[in-house]
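> Give me a 3D structure for the following:
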Amino acid sequence: MRIEYNFAFFDEGSKREIRRATLKAVAIPGYQVPFASREMPIARGWGTGGLQLTLSLVGKEDILKVIDQGSDESVNAVNIKKLITKTTGIKVTDETSEATIIQSRHRIPEIPLQAGQILVLQVPLPEPLRYYEPSELETKKLHAEQEYSGAWLMLFEQIMNYGTMSTGADHPAMVHDRYVMAPSPIPRFDNPKLNHSQALILLGAGREKKVYAVPPYTRVESLAFEDFSFEVEGFKNKYCGLCGAKEVFLDEMLDDLTGETFYQCNDTSYCLQRLNQKSAG
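Alright, predicted model coming up:
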């Protein structure tokens, strides 16, 4: 027996409810909007929040790109693409510039996003204050009062203990000079890409039932001190061993034959695009 799904899996009422929450999130940058997170054919914690946003927004003319930690071909990325394409029939691509909707886990693509594109980030923990305040009621009060001293204290303690801010990923950021936001577990390297991005950035947490947004051209500033500035991961004097790219986020790799380490672009489609350009040139 063949089972027929509605376009983009959800019924139209569910899609409207998620879109209403998304519109509110866009209207209040950085503010966490609760929504009725639906049951999905994938487990919570594997991108259900981002997937619900994508399914509620996708249209028949959209072109989809899905990446997981920089890779277009990881298990998570492939399965999400399969679900979306089987219920919509839309085109998929590995090219960042060609996509209208980009769903990502843990990375923002190296190629700058453009106006008209939507970046959907999968979020496991949307509350940036949860590290020191377990109560949801109290975190709501802290956001309402713009009381973020705990977040500053957390960064100060890192400096005192390690000599640097040790947030390897998900470094908190101030959005539109109002709300402190968890930017999802993207590396610090990607935080500056949020600031005045031309694309609409949506962040969805299915398990926590929250959605929030960074509208185009919105100011996003990573938390830092006047005498201890925010710094991204350093790849000085390092380059991709495949395409030669510099000033991109690199993965440290180990050569099984020689035992030597080398570096490779984390964004696999960006690396492949550079290689194709070199071979064509």
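
> Near residue 87, how many other residues are there?
When counting by other C-beta atoms under 10 Å, one arrives at 18 neighbours for residue 87. (Each C-beta comes from the backbone N, C-alpha and C, glycine too.)

> Specify the beta-bridge partners of the nearest residue to it once chain neighbours are set aside.
Nearest residue to residue 87, sequence neighbours excluded (C-beta to C-beta, 6 or more residues apart in numbering): residue 9, at 4.4 Å. Following DSSP bridges, residue 9 is listed with bridge partners residue 6.

> SS state for the residue nearest the centre of the chain?
Nearest to the geometric centre of the chain sits residue 121, at 3.2 Å (C-alpha atoms, centre = their mean). Recorded secondary structure, residue 121: strand (DSSP: H, G, I helix; E, B strand; the rest coil).

> Adjust the sequence numbering to begin at 12 for everything that follows.
Let's use 12 as the start, then, which means that last one is residue 132.

> what pairs with it across the strands?
Residues in beta-bridge contact with residue 132 (DSSP bridges): residue 115, residue 214.

> so it touches residue 112, yeah?
No - contact criterion C-beta atoms under 8 Å: residue 132 and residue 112 do not qualify, at 12.0 Å.

> quick one: which helix or strand includes the residue nearest to residue 105 when sequence neighbours are not counted?
Nearest residue to residue 105, sequence neighbours excluded (C-beta to C-beta, 6+ apart): residue 280, at 4.3 Å. Assessed by DSSP states H and E, residue 280 sits inside helix 279-291.

> tell me which residues in that helix are buried?
Neighbour counts using 16 or more other C-beta atoms under 10 Å place 279-286 of helix 279-291 among the buried residues.

> give me every residue that touches residue 85.
Applying C-beta atoms under 8 Å, 6 or more residues apart in numbering to residue 85 gives the contacts 78-79.

> ugh, wrong one, I meant residue 130
Residue 130 neighbours (C-beta under 8 Å, 6+ apart): 113, 115, 119, 124, 208, 210-213.

> Spit out the contact partners of the closest residue to residue 100 other than its chain neighbours.
Nearest non-adjacent residue to residue 100, counting by C-beta to C-beta, 6+ apart: residue 71, 7.4 Å away. Going by C-beta under 8 Å, 6+ apart, residue 71 touches 18, 99-101.

> and what of residue 88?
So residue 88 contacts 77-79, 82, 116 (C-beta under 8 Å, 6+ apart).

> Go through these and name the one nearest residue 180.
residue 116 (11.4 Å; C-beta to C-beta).

> Residue 18 versus that closest one, what's the distance?
When distance is defined by C-beta to C-beta, to the nearest Å, residue 116 is 24 Å away from residue 18.

> who has more neighbours, those two?
Comparing residue 116 with residue 18 by other C-beta under 10 Å, the one with more neighbours is residue 116, at 25 against 16.

> I'd like to know how far the more buried one sits from residue 232.
24 Å.

> what residues are up against residue 208?
Neighbours of residue 208 in contact, by C-beta under 8 Å, 6+ apart: 124, 130, 225, 227-229, 231.

> Same list (the contacts of residue 71) but as a markdown table, adding secondary structure, pLDDT and distance to residue 65.
Formatted as a markdown table, the contacts of residue 71 follow (DSSP: H, G, I helix; E, B strand; the rest coil; pLDDT from 0 to 100; distance: C-beta to C-beta, whole Å):
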| residue | secondary structure | pLDDT | distance to residue 65 |
| --- | --- | --- | --- |
| 18 | coil | 94 | 13 |
| 99 | helix | 95 | 10 |
| 100 | coil | 94 | 15 |
| 101 | coil | 96 | 10 |
